[in-house]
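Visitor: Just to be clear, the model below is a prediction. Sequence and coordinates:
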Amino acid sequence: MLRIAIQAKGRLNEESIALLAEAGITVEEGKRKLLTRSQDFDIEVLYLRDDDIPQAVAMGVADLGIVGLNEVQEKEQPVEIVHSLGFGKCRLSIALPKEQNYTSPRFLEGKRVATSYPVILKNFLDKEKVSAEIHEIAGSVEIAPLVGMADAIFDIVSSGATLITNGLREVETVLASEAVLIATPSLSEEKKRSLDQLMFRFEAVERSRGMKYVLMNLPDEKIAEATAILPGMKSPTLLPLAMKGWSSLHVVINEKVLWQKIEQLKAIGAEDILVLSLEKMIL
Ligand code: PRT
Ligand code: ZN
């Protein structure tokens, strides 16, 4: 049986549970303890603080984990990054009091930088051949310059609102992060097979994101024109309607081009257009 570690509470918790649920792995609400077994896939879910997930996976306490790339890089534990999951997006950036002039990382030479990510910061400074004082603090990093504890900060930024509120300006992005699926490097063959099965499900869920299933009725003589407008997984599906000379056409369309395609289809005579959400796409 596989064991996957996810964040017990916090920013990644809900989306991790939602992703597992979409892949058919549900854990009964209310029955959530530190460790819970899924009813529908041979997997156990272990709830941890995100800081502890890389180590738990490296040690094999959990076979898999869902955690921010920022934590994986900071902890430098020997884990394998299996897949990027597309949520929990943020960046690790350097920020300064907004009135400071910044042109390059050289600015930081001899300065004090407050952060909860000393390892990633040190690696960046070493790469840039800059020596700065790293002040590790656990939280409220953003207020460090305001209270005179530091000249700059290195912290997670998402919308940037927190920086603005504290009179800071983002000057350098060091790492673009998102939630990733990590694995113990030496999984047994049996566990690897379960992981493949899990990845197959995750990919089907991901593929369907932003895709819509569209049905419409169309005069038969317009089918060729409609096919030219539409992308299809292979080609659109066609079904004859009871009314002679008409067909029902089914196709999967990316949300980004949905309205544009619908307008084109209407213009050539498509009617009764239905747009349905798509849950999974298995190729
Ligand atoms: O209790 P536990 O240790 O498990 O949780 P935690 O408090 O350490 O982490 P948590 O739940 O805050 O974040 C978990 C993960 O979410 C992080 O490791 C990142 O990978 C990811 N993530 C995505 C973020 C953000 N977005 C984010 N905005 N983590 C933190 N923030 C902070 C940011 O530092 C700022 O202070 O949210 C604040 C608001 O950001 P702005 O820029 O939108 O204002
Ligand atoms: Zn944490």
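Guide: Structure's in. What do you need? Ligands and ions are numbered 1, 2, ... in the order given.
Visitor: From the structure, what's the count of residues near residue 61?
Guide: Using other Cβ atoms under 10 Å as the criterion, residue 61 is surrounded by 16 other residues. Every C-beta, even on glycine, is put in place using the N, C-alpha and C of the backbone.
Visitor: can you pull the contacts of it?
Guide: Applying Cβ atoms under 8 Å, 6 or more residues apart in numbering to residue 61 gives the contacts 3, 5, 46.
Visitor: doesn't residue 72 fall inside a strand?
Guide: No - with DSSP: H, G, I helix; E, B strand; the rest coil as the criterion, residue 72 is assigned helix and is not in a strand.
Visitor: What helix or strand is the residue nearest to it when sequence neighbours are not counted located in?
Guide: Setting aside the residues directly before and after it, residue 72 is nearest to residue 54 in space (Cβ to Cβ, 6 or more residues apart in numbering), at 5.4 Å. Residue 54 belongs to helix 53-59 when assigned by DSSP states H and E.
Visitor: quick one: that helix near ligand 1?
Guide: No - applying Cβ under 6 Å from any ligand atom, one finds helix 53-59 out of contact with ligand 1, separated by at least 8.3 Å.
Visitor: List the neighbouring strands of the helix or strand just after that helix plus their orientation.
Guide: Using DSSP H and E, the helix or strand that follows helix 53-59 towards the C-terminus is strand 64-68. Strand 64-68 sits in its sheet next to strand 2-7 (parallel), strand 179-183 (antiparallel), going by DSSP bridges.
Visitor: Quick one: closest of these to ligand 1.
Guide: Nearest of the strands paired with strand 64-68 to ligand 1, taken as Cβ to the nearest ligand atom: strand 2-7 at 4.8 Å.
Visitor: Specify the next element, helix or strand, located C-terminal of the closest one.
Guide: Later in the chain than strand 2-7, the nearest helix or strand by DSSP H and E is helix 13-22.
Visitor: Could you pull out the buried residues of that next one?
Guide: Using 16 or more other Cβ atoms under 10 Å as the test for burial, helix 13-22 gives 15, 16, 17, 19, 20, 22.
Visitor: So which of the residues you listed is the closest to residue 163?
Guide: Taking Cβ to Cβ as the measure, residue 163 lies nearest residue 15 of those, at 23.6 Å.
Visitor: And the closest one, how close does it get to residue 53?
Guide: Noted for residue 15: a distance of 15 Å to residue 53, by Cβ to Cβ, to the nearest Å.
Visitor: Repeat that for residue 207.
Guide: For residue 207, the distance to residue 53 - Cβ to Cβ - is 26 Å.
Visitor: Look at those two and report which has more neighbours.
Guide: Per other Cβ under 10 Å, whichever of residue 207 and residue 53 has more neighbours is residue 53, with 30 against 16.
Visitor: That one and residue 5 touch, don't they?
Guide: Yes - if you go by Cβ atoms under 8 Å, residue 53 and residue 5 touch, sitting 4.8 Å apart.
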